[in-house]
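# Just the structure for this:
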Amino acid sequence: MFRRVFVIFLLLGQAWASPASDLLNQAIQLLQQQYGGFSRVSVVELAEKYQKELEAVCANDANCPYSKAAPLVRQLVGALGDEHTNYYSPEDFDLLQRQLTGAPGTKPQLGIVTQVVPGLEGLLVIEAYPGTPAQEAGLKRGDRLLAVNGAPFPAPAAARQQWLIDQVQSGQELKLLVWRKQAEFEISLKGRILPQERPPSLSLREDGVAVLRIPSFTPVLRVGQEVHNLVREARLLSARAMVVDLRDNPGGVLSECMAAAGAFVPNIYRAMISGPMYPPYELYYREGTLYANIGILSGVRLYSVQPAFWQGKVAVLVNASTASCAEYFALDLLESRTALVVGEPTRGLANTASAFSALMDGSGLQITTSRALRSDGSAYPERITPEIPAADDLLALATRGYDAMLEEAVFQLFEGR
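Have a look, this model is predicted:
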């Protein structure tokens, strides 16, 4: 099949070549070599279709720029119908690489995640990351931002987040009008350049329940160890139970989520069946170390942590935006009967893994490279359906400061089981 694609490149490339055609060809080659997902759409047929479309767009212009091919690459990738395979613009791919490594960003930020709540003005704070201007100023989940320097947020919901970003990136000090549990107050803060990482954090409720928040499984070689550190801290605090919050966690590095899950499950195994470029491999976690079996190599040590282990009651929170290896984490705890999973059906990427490849114009592809199997050879489910359904009620959070899903999980830990 690869030879056939290569012939297509030659035939179409003999008449003309350009930066745009080079970019499209590179994307097609990467997909042909690496794709190992469930899509049954033929990359060969996509190559033929989008090469012809590029010819029409560029009219055999030898100087046709990358920008002419970029929309076609995006359409081609989308035509596979695989949510784990995506195209990123140069700006977005640069940000993604910074998130994977924890490198600093390029523009001032507050360190918060916000969301529009239908029917309410302003923006709801979903997250305030540790060590950021937002967290240092006292912002926390459930706060609602109403105005910036006396100016209310735009009425159109779609414009609000970008408007806030523009205010932050202006570099000026900001006075935010905040609504918290039916009271208004003002805080002052200023954006700054921040590492592009979303570290785990731990809080202890008054009822003795520890809440371990894991917003992402990036950057590499950091999250797994930090989860173990926080589990150790929860034990020192004599927490009576733990809730692991994976809501809105988009996934991350497979080694990080397996190592992190090892703080709750002693043995973890996953087999990966890969596309043409990658051999099948097996991953397993034992006693603080992640190993791999790759071809004739077995027991290859990939990653070690100073392990801690939680032996008390635990619940995991998931929602419709919990994805990829965050779904694996929840599934590992669920199938080992370690944890109760509470929340909403997850996004649906729980049976594949992906890798990232840079393109010549600075853009990039995320490509599904592998399908995941259990130790008995059975496939993992596409998504996780929680044992205890609970809605992520943002209206209750925004108006009353009440986290309904979290409270349901705590109730189930002590009253429902």
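
# For the rest of this, base every contact and every neighbour count on C-alpha atoms.
OK.

# So which bits of the helix or strand hosting Ala330 are buried?
Assigned by DSSP states H and E, Ala330 belongs to helix 325-335. Buried positions in helix 325-335, judged by neighbour count with 16 or more other C-alpha atoms under 10 Å: 325-334.

# which residues sit against that helix?
Here helix 325-335 makes contact (C-alpha atoms under 8 Å, 6 or more residues apart in numbering) with 216-217, 246, 249-254, 257-258, 260-261, 264-265, 268, 316, 318, 339-341, 346, 349-350, 353, 383-384.

# Just the buried subset of the residues you listed, please.
For the contacts of helix 325-335, buried by 16+ other C-alpha under 10 Å: 216-217, 246, 249-254, 257-258, 260-261, 264-265, 268, 316, 318, 339-341, 346, 349-350, 353, 383-384.

# Okay, and which of these map to strands?
When DSSP state E is applied, the buried ones among the contacts of helix 325-335 are split such that 268, 316, 318, 340-341, 353 fall in strands.

# how about the strands of the stretch 151-300 of the chain, start to end?
Assigned by DSSP state E, counting those that start in this stretch, the stretch 151-300 of the chain shows strands spanning 151-152, 174-180, 183-189, 201-204, 209-213, 241-245, 267-274, 281-286, 289-294, 297-304.

# Can you name every helix or strand that the second one contacts?
Counting by 3 or more C-alpha pairs under 8 Å, 6 or more residues apart in numbering; DSSP states H and E, the packing neighbours recorded for strand 174-180 are strand 144-148, strand 183-189, helix 394-400.

# most neighbours per residue, which of these?
Burial of the helices and strands packed on strand 174-180 is given as mean neighbour count (mean count of other C-alpha atoms under 10 Å); strand 144-148 ranks first at a mean of 23.

# Just the residues contacting it, thanks.
Residues contacting strand 144-148 (C-alpha under 8 Å, 6+ apart): 121-125, 152-153, 164, 167, 174-180, 398.

# How about stretch 210-223?
The contact list for stretch 210-223, computed with C-alpha under 8 Å, 6+ apart, reads 99-102, 197-205, 224, 230, 234, 239-257, 260, 303, 325-326.

# can we see that at 7 Å?
Contacts to stretch 210-223, defined as C-alpha atoms under 7 Å, 6 or more residues apart in numbering, come from residues 99-102, 197-204, 234, 239, 241-246, 248-253, 256-257.

# Now stretch 218-226: average pLDDT?
The average of the pLDDT scores along stretch 218-226 is 93.

# How far off centre is it?
Stretch 218-226 has its C-alpha centroid displaced from the chain centroid by 14 Å (C-alpha atoms, centre = their mean, to the nearest Å).

# do the same with stretch 386-401
Computed by C-alpha atoms, centre = their mean, the chain-centroid distance of stretch 386-401 equals 21 Å.

# One more: stretch 51-68?
On C-alpha atoms, centre = their mean, the centre of stretch 51-68 falls 34 Å from that of its chain.

# What are the buried residues along that stretch?
Neighbour count says stretch 51-68 has 51, 54-55, 58, 61, 64-66, 68 buried, by 16+ other C-alpha under 10 Å.

# Counting only helices, which of those residues make the cut?
Secondary structure defined by DSSP state H assigns 51, 54-55, 58, 66, 68 of the buried residues of stretch 51-68 to helices.

# Okay, and the beta partners of Val318?
Gly343 (DSSP bridges).

# That one and Leu340 touch, don't they?
No: look at Val318 against Leu340 with C-alpha atoms under 7 Å: they stay out of range, at 10.9 Å.

# Glu127 falls within a strand, correct?
Yes: the assignment for Glu127 (DSSP: H, G, I helix; E, B strand; the rest coil) places it in a strand.

# quick one: what helix or strand has Ala372 in it?
Assigned by DSSP H and E, Ala372 belongs to strand 364-373.

# Report all helices and strands that that strand contacts.
Judged by 3 or more C-alpha pairs under 7 Å, 6 or more residues apart in numbering; DSSP states H and E, strand 364-373 is in contact with strand 86-88, strand 267-274, strand 352-358.

# do you know how far the residue most central in space within the chain is from Leu349?
Central residue of the chain (C-alpha atoms, centre = their mean): Pro250, 2.1 Å from the mean position. To Leu349, Pro250 is 10 Å away according to C-alpha to C-alpha, to the nearest Å.

# Quickly list what's touching both of those two.
Common contact partners of Pro250 and Leu349 (C-alpha under 7 Å, 6+ apart): 323-324.

# Verify the contact between Ala339 and Leu317 for me.
No: between Ala339 and Leu317 there is no contact under C-alpha under 7 Å: 10.1 Å.

# Between those two, which contacts overlap?
With C-alpha under 7 Å, 6+ apart, Ala339 and Leu317 have no common neighbours.

# tally of neighbours for Arg337?
For Arg337, the neighbour count with other C-alpha atoms under 10 Å is 11.

# Could you number the chain from 311 rather than 1 from now on?
Will do, 311 is the new start, and the previous item becomes Arg647.

# Tell me the secondary structure of it, please.
coil.

# and the gap between it and Gln482?
Counting by C-alpha to C-alpha, the gap from Arg647 to Gln482 is 51 Å.

# Could you do Arg596 as well?
50 Å.

# With neighbour numbers in mind, choose between the two.
Under the criterion of other C-alpha under 10 Å, the comparison of Arg596 against Gln482 puts Arg596 first, with 15 against 11.

# mind listing what the more buried one touches?
576-577.

# bridging residues for it?
Taking DSSP bridges as the rule, Arg596 bridges to Asn577, Thr599.

# Where does the prediction get shaky in this structure?
For the chain, applying pLDDT under 70 flags the ranges 311-326, 727.

# mind redoing it with 90?
By pLDDT under 90, the low-scoring segments of the chain are 311-327, 370, 410, 491-492, 507, 530-531, 585-589, 605, 725-727.
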